[in-house]
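**Q** fold the stuff below for me.
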Amino acid sequence: MSSHQRDIAICDVECGTVSAVSAIPVADDVLGPDVAVLGLKEVCVELGLSLNKVRQLLRDGHLLAVRRAGELLVPADFLAGGTPVKGLAGLLTVLSDAGFTRTEMLRWLYTADDSLPGATPINALRTNHGTEVKRRAQAMAF
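**A** Next up, the predicted model:
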């Protein structure tokens with residue numbers, strides 16, 4: 001399924017039925033096999049939010065999801081301490097404004113960059129180096 005197909009059917013965890021849900025954008029699965037992912041139900045538990053609130057975070061671009069075997073999955077690296085990683089939503093906005101697709105954002109977040117503390121943008125963001133990561137994202141926009 002292409003990341004451009006926005007109307008998707010996902011499993012409604014709360015009642016066990018499949019329902020049509022529109023406008024939940026999905027990135028192509030460009031994650032390496034070593035990247036831990038969480039299903040939406042696990043994300044709900046981790047964040048203490050309802051499934052609808054998690055879907056809204058995805059629709060609003062505060063989180064990214066991929067689809068594997070029909071299931072929406074969020075990289076576990078995007079969550080820390082019961083919240084989305086500090087600065088992730090703003091960084092995704094900067095990348096979106098720079099013209100990145102969700103797939104390109106995901107790929108960039110996991111691409112090694114020796115000039116960043118933490119080796120990848122997502123690891124640098126997780127280790128409180130969000131300003132440096134955001135600076136690089138803004139520089140790519142020009």
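**Q** just to check, Ser50 is in contact with Val43?
**A** No: contact criterion Cβ atoms under 8 Å: Ser50 and Val43 do not qualify, at 10.9 Å. The way it works is simple: take the backbone N, C-alpha and C, and place the C-beta from them, glycine included.
**Q** which parts of the chain are helices?
**A** Along the chain, counting by DSSP state H, helices occupy 40-47, 51-59, 88-97, 102-109, 121-126, 130-140.
**Q** now for those helices, which one comes closest to Leu31?
**A** In terms of Cβ to Cβ, the element of these nearest to Leu31 is helix 102-109, at 6.9 Å.
**Q** what's near enough to touch the spatially most central residue of the chain?
**A** Against the mean C-alpha coordinate of the chain, by Cα atoms, centre = their mean, the closest residue is Leu64 at 2.2 Å. Residues near Leu64 by Cβ atoms under 8 Å, 6 or more residues apart in numbering: Ala27, Leu58, Val74, Pro75, Phe78, Leu92, Arg102, Met105, Leu106.
**Q** picking that back up, looking at Ser50 and Val43, which one has more neighbours?
**A** It is Val43, of Ser50 and Val43, that has more neighbours when counted by other Cβ atoms under 10 Å, with 26 against 12.
**Q** and the gap between that one and Thr111?
**A** Applying Cβ to Cβ, to the nearest Å, the value for Val43 to Thr111 is 23 Å.
**Q** in stretch 54-73, what counts as buried?
**A** Burial within stretch 54-73, assessed by neighbour count using 16 or more other Cβ atoms under 10 Å, is assigned to Val54, Arg55, Leu57, Leu58, His62, Leu63, Leu64, Ala65, Val66, Arg67, Leu72, Leu73.
**Q** sorry, wrong one. I was asking about stretch 83-91.
**A** For stretch 83-91, by 16+ other Cβ under 10 Å, it's Pro84, Val85, Gly87, Leu88, Ala89, Leu91.
**Q** and that stretch, how far apart are its ends?
**A** Start-to-end span of stretch 83-91 (Cα to Cα, to the nearest Å) is 15 Å.
**Q** could you do stretch 107-116 as well?
**A** 16 Å.
**Q** give me the contact list for it.
**A** 30-32, 35, 95, 100, 119-125, 129, 132-133, 136-137.
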